[in-house]
Every structure is written in C-alpha cells, then in structure tokens.
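Asker: okay, sequence plus prediction incoming.
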Amino acid sequence: MGSVAEPQSRSPIDPAMVTTALELPGLRIVRSLGIVRGIVVRSRSVFGSIGASLQTLVGGDITLYTSLCEKTREDAFLRMAQHAAEHDANAVVSFRYDANELMPGVTEVLAYGTAVVVERI
C-alpha cells in the first residue's frame, strides 16, 4: 500500500475557481469530470489537549483547537484541489466540507466537490 502524499503548500487550482455554487459567474462549464475529494484524519496531541483544557477554564476561543481545525481544513482543501488537477480540471463547483469523529480525539475532515473544466463566456 503506497503512502499518501502531503498536500502541496499552494493549491494547484486557483482558490477563486472553487465555489459552493453550481456555477462560476462569467464562466461556462464545458466538461464535468466527476467528484473529487481530499481527506485528512488528525488526532489531538496529549500536550495540545492539556493546553486546550486549560483554555476552557477561562472561556472564549480555544485557539489550540481553532488552529488545528484551520490547518486540517486547509490540508483537506489542498488535497481536493490536487485531486481535481490530476483530473485536468481548472475549477471545482458544489464544494463542501464534512467532518466526522472516528474515535475520541481522532477526526476526519473531508473536502469534496465536482471537478469541472470551465471557459470564459
């Protein structure tokens, strides 16, 4: 079984070409390439959990978890964009995120959408 490549630091598809809508204004979908996805499974470290537990004592934003969630979503997005680029897409429509707790402290984040080829109208 091969290893999963880490996402590139930059999206292979312009993030402006990824939308939750069914179309991109000023562009026409000329080919639909199917569903693309990026999956990341992350766990909390013991030290992060302790730090976050301490932050809950004072209330407010639990920045350790916020940072972990932001990084995980970014990585899932980049993996999805890479998957779309591998299918020769230049855009993704109907983009969504989903998350599931696989077990206590382990969460899966899925970024998915429909890879398309678009051109200017």
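Answerer: All right, it came through fine.
Asker: quick one, helices of this protein?
Answerer: With DSSP state H as the definition, the chain shows helices at residue ranges 46-58, 63-86.
Asker: lowest-confidence helix or strand of the chain?
Answerer: Ranked by mean pLDDT, DSSP states H and E, the weakest helix or strand in the chain is helix 46-58, scoring a mean of 54.
Asker: okay, and the beta partners of residue 36?
Answerer: Residue 36 has these beta-bridge partners by DSSP bridges: residue 113.
Asker: you'd agree it is up against residue 89?
Answerer: Yes: in this structure, residue 36 is within contact of residue 89 by CB atoms under 8 Å, at 7.1 Å. Using the backbone N, CA and C atoms, a C-beta is placed for each residue, glycine as well.
Asker: what sits in contact with each of these two?
Answerer: residue 115 (CB atoms under 8 Å, 6 or more residues apart in numbering).
Asker: so who does the residue lying closest to residue 79 once chain neighbours are set aside touch?
Answerer: Nearest non-adjacent residue to residue 79, counting by CB to CB, 6 or more residues apart in numbering: residue 38, 2.8 Å away. If you count contacts by CB under 8 Å, 6+ apart, residue 38 has them with 7, 75-83, 110-112.
Asker: from residue 16, how far out is residue 38?
Answerer: 18 Å (CB to CB, to the nearest Å).
Asker: again with residue 92
Answerer: Using CB to CB, residue 92 is found at 11 Å from residue 16.
Asker: neighbour count winner among the two?
Answerer: Neighbour tally, residue 92 and residue 16, criterion other CB atoms under 10 Å: the higher count belongs to residue 92, 29 against 9.
Asker: identify the bridge partners of the more buried one.
Answerer: The partner residues for residue 92, given DSSP bridges, come to residue 18, residue 115.
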